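In: Mind looking at a prediction? Sequence and model below.
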Amino acid sequence: MSMSTPRSTDLPRPAGPADASRVASRLAALHAEARTELDHRDAFELLVATVLSAQTTDVRVNQVTPELFSRWPDPAALAAADEGAVTEVVRPLGMGATRARRLIGLAQGLLARHGGEVPDDQAALEALPGVGRKTAHVVRGAWFGHSLLAVDTHVGRLAQRLGWTTATTPRRVEEDVVARVEADGTGAPEEDLTILGLRLILHGRRVCTARAPRCGQCALVDLCPREGVA
Ligand code: SF4
């Protein structure tokens, strides 16, 4: 057998869930630069970009938002936009008409209920068209500075493999991860749930991928029980 990097099946698996505090500090060293990858200059742009990121990638969203924000730079402009014109701009993301309707409805909601401002309030955000718990957490975490876990597919997968959850719904995953961090955490800054979530996403994209996790090259391998990994 080759003496190269060991396969995941060759490595011992810790019994029980990975220690969240140690995972957080390793990820902090590994992905110190983690931040939201959606380009934005204010809370409105971050909210719109996050809504647009459903069922597409951040990279693709960043390709359409410069024109979108240049033509409709604030909720008042977007609320009054021609739906066909917005559809044309967001069409490269797929479901152009649906996305355009959603954005215009979102802008109208911001204007009618919040004077055109993005509210720093979970329930108020979730009441806006197209905004769910994850989007509200992204905006309140990345823009307003709250410690909030935004659970996407990468966070859900990592949380399962690290033994932090067996849940499959984002809300249950979030509850389990928050409970694990509270149980294991030291309160260090890297355990801020917003930044921990961003680092889990980066780790999921770069190392712990859905189809072929690179456990042999993973900085968490001695901590991770690798639940569900062959
Ligand atoms: S790559 Fe492997 S060791 Fe690393 S977090 Fe994923 S499952 Fe765990």
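Out: That came through, no problem. Residues are numbered from 1 along each chain as shown.

In: Close to the ligand: what parts of this structure are there?
Out: Taking Cβ under 6 Å from any ligand atom, the part of the chain that reaches the ligand is made up of 8, 161, 207-208, 213-215, 218, 220-221, 224, 226, 229. From N, CA and C alone the C-beta is placed, and that goes for glycine too.

In: Compile the residues you listed into TSV and extend it with columns for pLDDT and neighbour count.
Out: Putting the residues of the chain next to the ligand into TSV (pLDDT from 0 to 100; neighbours: other Cβ atoms under 10 Å) gives the following:
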residue	pLDDT	neighbour count
Ser8	62	18
Arg161	98	22
Val207	97	18
Cys208	98	23
Pro213	96	23
Arg214	96	13
Cys215	96	23
Cys218	97	21
Leu220	97	20
Val221	96	19
Cys224	97	24
Arg226	96	21
Val229	93	15
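
In: so where's the protein uncertain?
Out: 1-9 (pLDDT under 70).

In: can you list the domains in it?
Out: 10-34+149-217, 43-142 (automatic domain parsing).

In: ok, Glu67 to Glu175 distance?
Out: Distance, Glu67 to Glu175, using Cβ to Cβ, to the nearest Å: 39 Å.

In: likewise Lys134?
Out: Using Cβ to Cβ, we find Lys134 at a distance of 14 Å from Glu175.

In: Same check on Gln108?
Out: Spatial separation of Gln108 from Glu175 under the definition Cβ to Cβ is 33 Å.

In: Against which helices or strands is the longest helix along the chain packed?
Out: If each helix of the chain is counted by residues according to DSSP state H, the longest one is helix 96-114. Where contact means 3 or more Cβ pairs under 8 Å, 6 or more residues apart in numbering; DSSP states H and E, helix 96-114 is packed against helix 43-52, helix 75-79, helix 83-90.
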